[in-house]
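*Asks:* Can you look at this prediction? I've put the sequence above it.
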Amino acid sequence: MRIHFIAIGGSAMHNLALALHEAGHEISGSDDIIFEPSKSRLEAVGLLPLKMGWQPENIHSGIDVIILGMHAKPGNPELAKAQELGLKVSSYPEFLYEHSKHKTRVVIGGSHGKTTITSMILHVMHYHEKDIDFMVGAQLDGFDKMVHLTEQNDFMLLEGDEYLSSPIDPQSKFLHYKPHIALLSGIAWDHINVFPTFESYCAPFESFIDSIVAGGSLSYNQEDALLHEMVEKATNTIRKIAYTTPEAIIDNGLTYLETEEGPLPLEIFGKHNLNNLAGAKWVCQHMGIDALDFYEAISSFKGASKRLELIAKNNKTAIYKDFAHAPSKVKATTAAVKEQYPDRKLVVVLELHTYSSLDASFLKEYKNALAKADVGLVFYEPAVLAIKDRAPISDEVIKDAFNANTLQIATTTEGLAAFLRDLPLEGTVLLFMSSGNYGGTDFKALAQRVS
């Protein structure tokens, strides 16, 4: 097939482009800006656009399908040309569904944990040399691409996102997939630019439960009261399987999972990750992996890229970085690190980077999110708000929202750098959380202070 990607540089988009290129399809693409690692990965196989920007001349009648990414706008010149020519335009979830129509589709959804759970399942399958098709939103050790498509594999594992499918398709991505095996990890309001009320955010999850193929299964986190109520009310004729956080102990900084065969040492830690593990175990069992084989494989799982990533560690200090910005994720990660290191001072640096997290009306959702931290600092750059013609947020508003009078605020990269420079690291766990880049913080230099 001849396939053109509008906004090829996105995380999922460029991985899909690489997978289709490897499968022998003729691929082209465009974007107005492409960041690393997408840029280097596309360039290595000759798929990096020669010129940045949108060129209608890229679009012609010889193209079989256009895959449209969320980074594009509804008035995109290439999209307009494709519509004028009557070409088929798909979002990537639509395309993945078409590819997997005759496969057993396994979809992992939820406001938090879905990338980790999907990665856990993929790790277990890879460990036991069971080849499956997949799409995962984060890089994983042992995999060069996070999209893998074949004709012969029976299973298609998909990370299911509730965000919009494309600029011209407002349907949540995971509603395209129609799973046979599904999981929901929990519901916590996010993406307020698209879902302005909590009720509007919940609606796609209700539709997702209804979209599961009749006779299929839904594993769900019973500890989420709202999700439990939603699942129990659903009338779809599916198996409903509740899971809870398994028992574990922490000994000398290591977490051991309690299993039928005795304590199992894990590379990961935190109640949220143990809860994720319980969900992944159920899904793997539905895919033919028994409990003992699951435990054998999961003991070597080190986590998905950017999820509670260890930057440096010695016997007195540890530095972690986590791709967490939503209130529920921030709270869970902070609590997990404090529980893992109860005798050390926990210092948390949280960057508010997204427009949702910087919305004054949404900030209250962060109440007590940093309660387990001994020292907390919130960093944001007013220039991000200025792009949207919004005024800076006062320190008092942020402190009130977090319910933390001692919270420190930094609004310049220099201020953040000074805080880190003056911070004593001995006897400390330093935790960074954001979907941004922390004002260009030099993590290599920080790591050298610990070595």
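*Replies:* Arrived safely, thanks for sending. Numbers count the residues shown, from 1 in each chain.
*Asks:* Can you pull the phi and psi angles for Gly53?
*Replies:* phi 120, psi 180 (degrees, to the nearest 10).
*Asks:* Can you report how many residues lie near it?
*Replies:* Gly53 has 11 neighbouring residues, counting by other CB atoms under 10 Å. For every residue, glycine as well, the C-beta is placed using N, CA and C.
*Asks:* Ser451 too?
*Replies:* Around Ser451 there are 8 residues (other CB under 10 Å).
*Asks:* let's have the chain start at 274 instead
*Replies:* Let's use 274 as the start, then, which means that last one is Ser724.
*Asks:* Report pLDDT for it.
*Replies:* Looking at Ser724, its pLDDT reads 76.
*Asks:* Now do the helices in the chain.
*Replies:* All helices of the chain, identified by DSSP state H, fall at 284-295, 311-317, 350-358, 365-372, 387-400, 471-484, 498-506, 544-559, 564-571, 600-613, 655-659, 668-675, 686-694, 716-723.
*Asks:* among those, which is nearest Val620?
*Replies:* For Val620, the closest of these is helix 686-694, at 9.3 Å, according to CB to CB.
*Asks:* And that closest one, what does it pack against?
*Replies:* Judged by 3 or more CB pairs under 8 Å, 6 or more residues apart in numbering; DSSP states H and E, the packing partners of helix 686-694 are strand 618-624, strand 648-652, strand 681-683.
*Asks:* What are the contacting residues of it?
*Replies:* Val622, Leu650, Phe652, Glu654, Gln681, Ala683, Tyr711, Gly712, Gly713, Thr714, Leu719 (CB atoms under 8 Å, 6 or more residues apart in numbering).
*Asks:* Skipping adjacent residues, who's closest to Gly459 in space?
*Replies:* Asp497 (4.1 Å; CB to CB, 6 or more residues apart in numbering).
*Asks:* List the contacts of that neighbour.
*Replies:* Contacts of Asp497 (CB under 8 Å, 6+ apart): Ser458, Gly459, Ile460.
*Asks:* will you turn the residues you listed into a markdown table that also has distance to Ala577, pLDDT and neighbour count?
*Replies:* Formatted as a markdown table, the contacts of Asp497 follow (distance: CB to CB, whole Å; pLDDT from 0 to 100; neighbours: other CB atoms under 10 Å):
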| residue | distance to Ala577 | pLDDT | neighbour count |
| --- | --- | --- | --- |
| Ser458 | 14 | 97 | 25 |
| Gly459 | 17 | 96 | 25 |
| Ile460 | 21 | 95 | 25 |
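*Asks:* Could you export those residues as JSON lines, including distance to Met325?
*Replies:* As requested, the contacts of Asp497 are exported to JSON lines (distance: CB to CB, whole Å):
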{"residue": "Ser458", "distance to Met325": "37"}
{"residue": "Gly459", "distance to Met325": "39"}
{"residue": "Ile460", "distance to Met325": "38"}
